[in-house]
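>>> Sequence below, structure please.
(chains A, B, C and D)
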There are 2 protein chains.
Amino acid sequence: MKKNTLGSLIWLRMMRFTHESNNLSNEFLKQFDLTTAQFDVLLQISIFEPITQSELAEKVTVTQGGISRMLTRLEQEQLIARHQDWKTKFISLTPKGNEKLNNAFEAQLAFQSSFFDETLTKEEQKILYKLISRVQKSSEQRSK
Amino acid sequence: MKKNTLGSLIWLRMMRFTHESNNLSNEFLKQFDLTTAQFDVLLQISIFEPITQSELAEKVTVTQGGISRMLTRLEQEQLIARHQDWKTKFISLTPKGNEKLNNAFEAQLAFQSSFFDETLTKEEQKILYKLISRVQKSSEQRSK
DNA sequence: AGTTATCACTTTACTACTCAAATGATAATA
DNA sequence: TATTATCATTTGAGTAGTAAAGTGATAACT
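Here you go, the predicted model:
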């Protein structure tokens, strides 16, 4: 019988949770005709616009190529605009994109929160946030 | 300025962390010629063998179709065997698969653990495990 | 006995990602 | 002014996942 470490158990639970909740979130966002990834990207743009593609790629942990294709789709749907300045393309939300994000925003945040509100007290959530933040920041460092 | 909820902040951190650490893990497992998903599947098989494909699919949160392809690949590399009994295929590790898993096992668990050992005390890890377990179990319920 | 239902698994068509080579606009150099 | 370098973005080829239709072996009716 193989012996697990505490860390590996945490790792497994987190992987399962993010996978399951990502699926549920995709299902949920269908009503707004969005995917979880698209919501994430639109939200980041709304916070940081105007932002370049490479900066955006880094924020959402997708490769350059991935972002390029993703934005092409979002541009086709007229949710974002790319304004080229020399070699850099600055991304911003169109009014339509902004409206779509605003429509989905509250519902999606409530949806995300529900996973934690259902099972944890406010105090526990604060603790969880502190712990996971430390872990995430250190893995972010490692990724470079 | 949009207002985040605590839950949505936790959600984002977790998504980022699992994505980053999954990438790092894939990189790490290259030395064993495995992906994170394959390691996960081989480990589940070693624990539950003989196991059917649908049971396995549920354990690793991949669809039936996904598992079917994945196992076809693993079978081609002779890491697993499928033994058909009526309509059900029972999956088990081959000696080669078992050896490969054993080779990678300790290193991979140490690797997974390192994310938490680096930043959290043993006590904090226990707390994190308890909290994330509760959250994951409830999302698992919802997935059905 | 012949038809229909069931059920685990496979396959098709599609999507979205990856890496790495190509593109294209400008800057720097000769 | 022609050539080369730079660098953000795009694109080509490949991989791995999904949903849903298809397959095939057996069970269960009529």
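
>>> Which positions in chain A make contact with DNA strand D?
Within reach of DNA strand D by C-beta under 7 Å from any atom of the strand, chain A has these residues: A:23, A:52-54, A:64-65, A:68-69, A:71-72, A:82, A:87-89. Where C-beta positions appear, they are placed from N, C-alpha and C, glycine not excepted.

>>> now those in a markdown table, with distance to B:Ser114 and secondary structure?
Conversion of the residues of chain A next to DNA strand D to a markdown table gives the following (distance: C-beta to C-beta, whole Å; DSSP: H, G, I helix; E, B strand; the rest coil):
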| residue | distance to B:Ser114 | secondary structure |
| --- | --- | --- |
| A:Asn23 | 28 | helix |
| A:Thr52 | 33 | strand |
| A:Gln53 | 32 | helix |
| A:Ser54 | 29 | helix |
| A:Gln64 | 28 | helix |
| A:Gly65 | 29 | helix |
| A:Ser68 | 33 | helix |
| A:Arg69 | 33 | helix |
| A:Leu71 | 35 | helix |
| A:Thr72 | 38 | helix |
| A:Arg82 | 40 | strand |
| A:Lys87 | 39 | coil |
| A:Thr88 | 37 | strand |
| A:Lys89 | 38 | strand |
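
>>> and the helix or strand of chain A with the lowest mean pLDDT, what does it pack onto?
Lowest by mean pLDDT, DSSP states H and E among the helices and strands of chain A is strand A:80-85, with a mean of 85. Counting contacts by 3 or more C-beta pairs under 8 Å, 6 or more residues apart in numbering or on different chains; DSSP states H and E, strand A:80-85 is packed against helix A:64-76, strand A:88-93.

>>> Please tell me how far the residue of chain A found nearest DNA strand C sits from A:Arg73.
In chain A, the residue that lies nearest DNA strand C is A:Gly66 (2.6 Å; C-beta to the nearest atom of the strand). Distance of A:Gly66 to A:Arg73, given as C-beta to C-beta, to the nearest Å: 11 Å.

>>> From B:Glu124, how far out is the one residue in chain A that gets nearest to DNA strand D?
Residue of chain A nearest DNA strand D, by C-beta to the nearest atom of the strand: A:Gly65 (2.7 Å). As for A:Gly65, its distance to B:Glu124 is 38 Å (criterion: C-beta to C-beta).
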